[in-house]
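A.B. asks: Below is the structure, and that's it, no one-letter string:
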């Protein structure tokens with residue numbers, strides 16, 4: 001039996017693994033949703049807009065961390081298991097340095113947007129620890145210990161929510177001040193829950209290992225980072241530009257409506273982290289048939305999640321919108337924004353499995369080209385929407401960017417398949 005004919009897990013087995021992979025991220029997303037929902041209900045629109053901006057900026061470190069460390073780690077770990085520990089040491093050393101550099105940057109951002117110094121320090125700690133947690137989750141998945149990731153995610157969700165609730169319950173501390181310490185503590189506990197092996201990897205960064213990261217940077221990370229930065233411009237240009245050009249209050253309805261499609265992002269991110277190392281392992285042994293099966297199932301699950309989420313969001317908006325949105329929010333704007341978010345998320349869902357295929361194959365340069373083209377389109381569209389229309393139309397302005405990205409990525413995937421199949 002050739003390597004290309006190696007049997008993979010059945011659809012039933014894959015579905016069970018999907019459920020295991022989704023448990024932790026669903027809990028994390030639930031905690032983040034409850035925090036966002038609490039801020040939406042308990043704070044003024046401008047305070048919620050500030051939180052939405054800072055939270056999006058902090059979570060951007062997950063994308064950066066995945067680009068610099070997580071995706072290359074999983075691709076290299078699968079292709080060279082014997083050198084996996086060396087790769088992990090190099091990436092962990094670089095991640096520690098990156099987190100230390102990020103902390104003061106996010107602290108200054110918090111102060112600039114109006115946080116008190118103490119709260120800004122907590123926000124900086126949350127961003128710094130998020131980088132390390134993201135690397136730990138990627139390394140633990142590559143080490144084939146998904147249950148440990150689920151425990152870590154559950155720890156984050158529980159500690160963050162309990163801390164936030166306990167802090168605001170007496171009524172002496174405002175939610176806008178309590179949310180960042182809760183996030184920092186929850187993230188710290190989640191890192192500890194990843195286990196001693198990852199803690200030891202972080203605790204002993206070595207200069208030699210850090211120097212080895214240079215080869216990873218040249219081969220994978222620089223292109224992956226460029227792709228993530230450009231993708232962030234496609235996905236969140238409206239949040240950043242609205243905040244700086246129109247103020248935090250203009251962000252509030254746009255960010256609030258995005259909560260209704262959050263479950264799609266949760267499932268998508270969970271399955272990306274599960275499928276990327278799986279596809280990398282299939283590619284390493286030439287099992288292209290299993291790769292295609294994974295892509296089909298991946299896309300099918302995402303489309304099912306999209307349909308269910310849109311149905312639930314539509315029901316809420318028609319039957320009882322006040323369950324989510326305070327009376328201070330214009331309902332017509334929220335409904336329009338929700339419909340636009342549904343369109344955006346559908347385009348992303350269709351494209352994402354092919355993105356993961358190229359990531360697993362190390363095709364970061366092609367992804368970077370797609371993201372740069374899409375980012376240019378989206379940023380231009382958002383600026384025009386801010387100048388000529390209501391803030392809600394900035395959501396529609398990012399759809400063309402995603403469509404451009406989809407076209408380029410599909411072409412890159414077809415090229416990869418033609419090159420790979422003769423070797424399989």
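C.D. replies: Received, thanks. Keep in mind the model is a prediction, meaning the values are calculated, not measured.
A.B. asks: what about the helices in the stretch 301-424 of the chain?
C.D. replies: Along the stretch 301-424 of the chain, counting by DSSP state H, counting those that start in this stretch, helices occupy 331-360, 364-388, 393-397, 399-420.
A.B. asks: now the angle from the first one to helix 364-388?
C.D. replies: Right, the one you point to is helix 331-360. Per axes from the mean of the first three to the mean of the last three CA atoms, to 10 degrees, the angle that helix 331-360 makes with helix 364-388 is 160 degrees.
A.B. asks: Which neighbouring elements make contact with helix 331-360?
C.D. replies: Using 3 or more CB pairs under 8 Å, 6 or more residues apart in numbering; DSSP states H and E, the elements in contact with helix 331-360 are helix 71-79, helix 248-258, helix 262-284, helix 288-319, helix 364-388, helix 393-397, helix 399-420. Using the backbone N, CA and C atoms, a C-beta is placed for each residue, glycine as well.
A.B. asks: could you dump the ones you listed to a markdown table with mean neighbour count, mean pLDDT and distance to residue 146?
C.D. replies: Formatted as a markdown table, the helices and strands packed on helix 331-360 follow (neighbours: other CB atoms under 10 Å; pLDDT from 0 to 100; distance: least, CB to CB, whole Å):
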| stretch | mean neighbour count | mean pLDDT | distance to residue 146 |
| --- | --- | --- | --- |
| helix 71-79 | 25 | 63 | 13 |
| helix 248-258 | 24 | 78 | 28 |
| helix 262-284 | 23 | 78 | 7 |
| helix 288-319 | 17 | 88 | 16 |
| helix 364-388 | 20 | 82 | 24 |
| helix 393-397 | 22 | 86 | 34 |
| helix 399-420 | 17 | 84 | 26 |
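A.B. asks: Quick one, which of those gets closest to residue 188.
C.D. replies: helix 262-284 (20.5 Å; CB to CB).
A.B. asks: just checking, what packs against that closest one?
C.D. replies: Counting by 3+ CB pairs under 8 Å, 6+ apart, helix 262-284 packs on helix 11-42, helix 71-79, helix 117-142, helix 288-319, helix 331-360.
A.B. asks: Which among these is found nearest to residue 161?
C.D. replies: Residue 161 sits nearest to helix 11-42 of all the helices and strands packed on helix 262-284, at 5.2 Å, using CB to CB.
A.B. asks: What backbone torsions are found at residue 390?
C.D. replies: The phi/psi pair for residue 390 (degrees, to the nearest 10) reads phi -70, psi 150.
A.B. asks: Look up the closest residue to residue 263, ignoring the ones flanking it.
C.D. replies: Leaving aside its chain neighbours, residue 263 sits nearest to residue 309 (4.7 Å; criterion: CB to CB, 6 or more residues apart in numbering).
A.B. asks: who are the neighbours in contact with the one you found?
C.D. replies: Residue 309 sits next to 260-261, 263-264, 345 when contact means CB atoms under 8 Å, 6 or more residues apart in numbering.
A.B. asks: if we can go back for a sec, dump the helices and strands packed on helix 331-360 to a markdown table, plus distance to residue 150.
C.D. replies: Formatted as a markdown table, these follow (distance: least, CB to CB, whole Å):
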| stretch | distance to residue 150 |
| --- | --- |
| helix 71-79 | 18 |
| helix 248-258 | 26 |
| helix 262-284 | 10 |
| helix 288-319 | 18 |
| helix 364-388 | 28 |
| helix 393-397 | 33 |
| helix 399-420 | 30 |
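A.B. asks: Out of those helices, which gets nearest to residue 93?
C.D. replies: helix 71-79 (12.2 Å).
A.B. asks: So what does residue 44 look like in phi/psi?
C.D. replies: Main-chain dihedrals, residue 44, degrees, to the nearest 10: phi -70, psi 160.
A.B. asks: Just want to check the distance between it and residue 332.
C.D. replies: Applying CB to CB, to the nearest Å, the value for residue 44 to residue 332 is 21 Å.
A.B. asks: Who has more neighbours out of these two?
C.D. replies: residue 44 (15 against 9; other CB atoms under 10 Å).
A.B. asks: sorry, back to before: using CSV, lay out the contacts of residue 309 together with distance to residue 107.
C.D. replies: Listed next are those as CSV, based on distance: CB to CB, whole Å:
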residue, distance to residue 107
260, 32
261, 31
263, 32
264, 32
345, 32
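A.B. asks: Just the closest of those to residue 168, please.
C.D. replies: Nearest to residue 168 among the contacts of residue 309, with distances taken as CB to CB, is residue 260, at 24.0 Å.
A.B. asks: hmm, back to that, okay if I get the helices of the stretch 301-424 of the chain as a markdown table plus distance to residue 162?
C.D. replies: Formatted as a markdown table, those follow (distance: least, CB to CB, whole Å):
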| stretch | distance to residue 162 |
| --- | --- |
| helix 331-360 | 30 |
| helix 364-388 | 38 |
| helix 393-397 | 34 |
| helix 399-420 | 37 |
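A.B. asks: Of all the helices and strands packed on helix 331-360, which one comes closest to residue 326?
C.D. replies: The minimum distance between residue 326 and the helices and strands packed on helix 331-360 falls on helix 248-258, with 8.9 Å, by CB to CB.
A.B. asks: how far does the closest one sit from the chain's center?
C.D. replies: Computed by CA atoms, centre = their mean, to the nearest Å, the chain-centroid distance of helix 248-258 equals 19 Å.
A.B. asks: how big is the angle separating it from helix 288-319?
C.D. replies: Computed by the same axes, to 10 degrees, the angle separating helix 248-258 from helix 288-319 equals 110 degrees.
A.B. asks: Helix 248-258 - contacts with which helices or strands?
C.D. replies: Using 3+ CB pairs under 8 Å, 6+ apart, the elements in contact with helix 248-258 are helix 45-65, helix 222-246, helix 331-360.
A.B. asks: can you tell which of these is closest to residue 272?
C.D. replies: Here helix 331-360 is closest among the helices and strands packed on helix 248-258 (CB to CB), at 5.6 Å.
A.B. asks: Tell me the buried residues in that closest one?
C.D. replies: 333-342, 344-360 (16 or more other CB atoms under 10 Å).
A.B. asks: follow-up on the earlier one: mind putting the helices and strands packed on helix 262-284 in CSV, distance to residue 173 included?
C.D. replies: Shown next, in CSV, are those (distance: least, CB to CB, whole Å):
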stretch, distance to residue 173
helix 11-42, 12
helix 71-79, 38
helix 117-142, 10
helix 288-319, 30
helix 331-360, 29
